[in-house]
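# Coordinates only, no sequence provided:
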């Protein structure tokens, strides 16, 4: 018969025995830690995805804005030509105003204005309006209702919703109102 050595029993007793309850508790802790890591990773991924969606939207908006306003300098150059054309037509003597070539030039001016408007250009209404520094540039003050535009020196224009040239205006000083009250 083989006899068991007494050391073998001690070795088994020296190793800590893990009960099923302790093993289950350790597994639950490990599972909770892994769940927390997974939730952290999921939240980070969701933030990154939201950031990317926002980036794409901003990039599209910027691209649209660039497309809308890419021709601003061209529009400004054409506006000076349109101003010159309007001044020339306004200075036409009455005896020449009815000639066909003068009417042809008026039609060219209307066509130019229509083409610019089709590209998003619109004139800023100034005369008789309350002075607004967002749309008007005051060149002087004169008699008239206080804060009201009494004369338009140069037309102002917007391209889509952005002012590309403010209207140069004369603003009322309020002198007329004071004379009427006295």
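Sure thing, it's come through. All figures in this text were calculated on a predicted structure; none of them were measured in a lab.
# From now on I want contacts and neighbour counts done on CA atoms only, so please keep to that.
OK.
# Which SSE is immediately downstream of the helix ranked longest in the chain?
Counting by DSSP state H, the longest helix found in the chain is helix 20-69. Toward the C-terminus, helix 20-69 is succeeded by helix 72-90 as the next helix or strand (DSSP states H and E).
# List the buried residues in that following helix.
Across helix 72-90, burial judged by 16 or more other Cα atoms under 10 Å covers 75, 79, 82, 85, 86, 89.
# Looking at those residues, spot the one nearest residue 156.
Proximity of those to residue 156 was ranked by Cα to Cα; the top entry is residue 79 with 9.5 Å.
# next one: phi and psi at residue 171?
Backbone geometry at residue 171, expressed as degrees, to the nearest 10, gives phi -110, psi 140.
# Tell me where the model's unsure across the chain.
Applying pLDDT under 70 to the chain flags the ranges 1-18, 176-182.
# List the contacts of residue 126.
Counting by Cα atoms under 8 Å, 6 or more residues apart in numbering, residue 126 touches 136, 149, 152, 167, 169.
# let's see 7 Å
Residues near residue 126 by Cα atoms under 7 Å, 6 or more residues apart in numbering: 149, 152, 167.
# what do you get for residue 167?
For residue 167, the contacting residues are 124, 126, 135, 136, 137, 154, 155, 156, taking Cα under 7 Å, 6+ apart as the criterion.
# doesn't residue 157 make contact with the first one?
Yes: taking Cα atoms under 7 Å as the contact criterion, residue 124 and residue 157 are neighbours in contact, 5.2 Å apart.
# quick one: which of those two has more around it?
Using other Cα atoms under 10 Å as the criterion, residue 124 and residue 157 rank with residue 157 on top: 22 against 16.
# what about the closest residue to residue 149 other than its chain neighbours, how many residues close to it?
Ranked by Cα to Cα, 6 or more residues apart in numbering and with sequence neighbours excluded, the top spatial neighbour of residue 149 is residue 171, at 4.5 Å. A count of neighbours around residue 171, defined by other Cα under 10 Å, yields 28.
# of the buried residues of helix 72-90, closest to residue 161?
Taking Cα to Cα as the measure, residue 161 lies nearest residue 75 of those, at 14.3 Å.
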